[in-house]
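Here is a sequence with its predicted model. Questions after.
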Amino acid sequence: MRNISEDTITQAVLASMDGCGDKRLHRIMTSLVQHLHAFARDVELTEQEWFHAIQFLTDVGHITDDKRQEFVLLSDTLGLSMLVTTQNNRKPAVCTEATVLGPFFVDGAPLFENGADLSNGAPGSPCFVSGRVRGVDGEPVVGAWVDVWQSDEDGYYDVQKVTDAVGDMTHSARGKVCTQADGSFHFRSILAEAYPIPYDGPVGRMLDALGRHPWRPAHLHFWIKAQGYEPLITHVFRAGDQYLDSDSVFGVRSKLIVEWVGHEPGIAPDGTPMDIPFHTLDYDFVLNPTGSDA
């Protein structure tokens, strides 16, 4: 491998991988090298720009920890997360569309009975959420686990409030319920509000340099799992939000936009007397059977 030039470097790198025994890895790395080299040639990348790129990725790594996933934010804001999500979730049109997982999911969220208050003190206007999970033929999906999480009215998820002084995180506006015999579920939480993704790090500086904003439209996250069905990761978006057409992570789908209905003080759907205004949200999810063709 002597005297390699800018014209021969790509083939030299590809040839160096001929001994790779993993066909999938070989295909991925071959394409990656080809596209990276083509990109550098296309934009005539300078050494200074390359050094800046390395420093940017280093900064992304340094700010990433168990509370903040800057690499996910980078993938989300470049549209890569939504691209991967879309091409891996081709389903019949009747099925609920998938969206990005985002950086704030927490495995092992607390379990709640249907009707419980998942907000656990998170600030926000009361909201009563109900829905049903069914299959493509309309059958109720019994015993599906429905993971739910959202930000509070100030735009923060519970994971963003963890401090070393406090120690273990106190879950709020997050939980998991199980669908009932008719496939239904219901719980109380808080009204979804628009919020900015964390923009005090390298991804935020990138967005600012590109003239982009960091805001996401108001939404509620869902991850639904049921035996015999493909898992569904999605959002439900609040109709009328000003950021629906400029979501910083490109996750909005028209069929996922729903009206959060406002109510004056009175009796909530679960029979709770409310002396303050509240909202309700009702949405049905359709899962794809395992092994079915889109």
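That came through fine. Numbering: from 1, shown residues only.

Would you state the strands of the protein in chain order?
Along the chain, the segments classed as strands by DSSP state E run 126-135, 145-149, 174-178, 184-190, 195-196, 215-216, 219-225, 232-238, 257-258, 261-263, 266-267, 273-274, 278-287.

of all these, which lies closest to residue 27?
Nearest to residue 27 among these is strand 232-238 (25.9 Å), distances taken as CB to CB. C-beta coordinates here come from the backbone N, C-alpha and C atoms, glycine included.

circling back to that earlier point, need the strands of the chain in JSON lines with mean neighbour count, can you?
Below are the strands of the chain laid out as JSON lines (neighbours: other CB atoms under 10 Å):
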{"stretch": "strand 126-135", "mean neighbour count": "22"}
{"stretch": "strand 145-149", "mean neighbour count": "21"}
{"stretch": "strand 174-178", "mean neighbour count": "20"}
{"stretch": "strand 184-190", "mean neighbour count": "22"}
{"stretch": "strand 195-196", "mean neighbour count": "18"}
{"stretch": "strand 215-216", "mean neighbour count": "21"}
{"stretch": "strand 219-225", "mean neighbour count": "22"}
{"stretch": "strand 232-238", "mean neighbour count": "24"}
{"stretch": "strand 257-258", "mean neighbour count": "16"}
{"stretch": "strand 261-263", "mean neighbour count": "13"}
{"stretch": "strand 266-267", "mean neighbour count": "10"}
{"stretch": "strand 273-274", "mean neighbour count": "11"}
{"stretch": "strand 278-287", "mean neighbour count": "19"}
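
Please produce a markdown table containing those strands, extended by mean pLDDT.
Putting the strands of the chain into a markdown table (pLDDT from 0 to 100) gives the following:
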| stretch | mean pLDDT |
| --- | --- |
| strand 126-135 | 98 |
| strand 145-149 | 98 |
| strand 174-178 | 97 |
| strand 184-190 | 98 |
| strand 195-196 | 96 |
| strand 215-216 | 98 |
| strand 219-225 | 98 |
| strand 232-238 | 98 |
| strand 257-258 | 98 |
| strand 261-263 | 97 |
| strand 266-267 | 96 |
| strand 273-274 | 96 |
| strand 278-287 | 98 |
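
want to throw those strands into TSV with distance to residue 48?
As requested, the strands of the chain are exported to TSV (distance: least, CB to CB, whole Å):
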stretch	distance to residue 48
strand 126-135	50
strand 145-149	41
strand 174-178	44
strand 184-190	47
strand 195-196	30
strand 215-216	32
strand 219-225	40
strand 232-238	40
strand 257-258	44
strand 261-263	54
strand 266-267	64
strand 273-274	60
strand 278-287	50
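
Of all those, which one comes closest to residue 51?
Nearest to residue 51 among those is strand 195-196; the distance by CB to CB comes to 29.2 Å.

can you list the residues that contact that closest one?
151, 154-156, 213-216, 218, 248 (CB atoms under 8 Å, 6 or more residues apart in numbering).

all helices of this protein, in order?
9-16, 23-43, 47-63, 70-77, 80-87, 202-209 (DSSP state H).

which one of those lies closest to residue 171?
helix 70-77 (19.9 Å).

Buried residues, that closest one. List them.
For helix 70-77, the neighbour count (16 or more other CB atoms under 10 Å) marks 70, 72-77 as buried.

Quick one: mean pLDDT over it.
Regarding helix 70-77, the rounded mean pLDDT is 96.

packing partners for it?
helix 47-63, helix 80-87, helix 202-209 (3 or more CB pairs under 8 Å, 6 or more residues apart in numbering; DSSP states H and E).

I'd like those as TSV, with mean neighbour count, distance to residue 170 and mean pLDDT appended.
Shown next, in TSV, are the helices and strands packed on helix 70-77 (neighbours: other CB atoms under 10 Å; distance: least, CB to CB, whole Å; pLDDT from 0 to 100):
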stretch	mean neighbour count	distance to residue 170	mean pLDDT
helix 47-63	12	23	98
helix 80-87	15	28	96
helix 202-209	17	26	98
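
Which one, of the ones you listed, ends up nearest to residue 243?
Among the helices and strands packed on helix 70-77, helix 202-209 sits nearest to residue 243 (CB to CB), with 13.4 Å.

circling back to that earlier point, switch the helices and strands packed on helix 70-77 over to JSON lines, and while doing so, append distance to residue 181 to every line.
Output for the helices and strands packed on helix 70-77, formatted as JSON lines (distance: least, CB to CB, whole Å):
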{"stretch": "helix 47-63", "distance to residue 181": "46"}
{"stretch": "helix 80-87", "distance to residue 181": "31"}
{"stretch": "helix 202-209", "distance to residue 181": "44"}
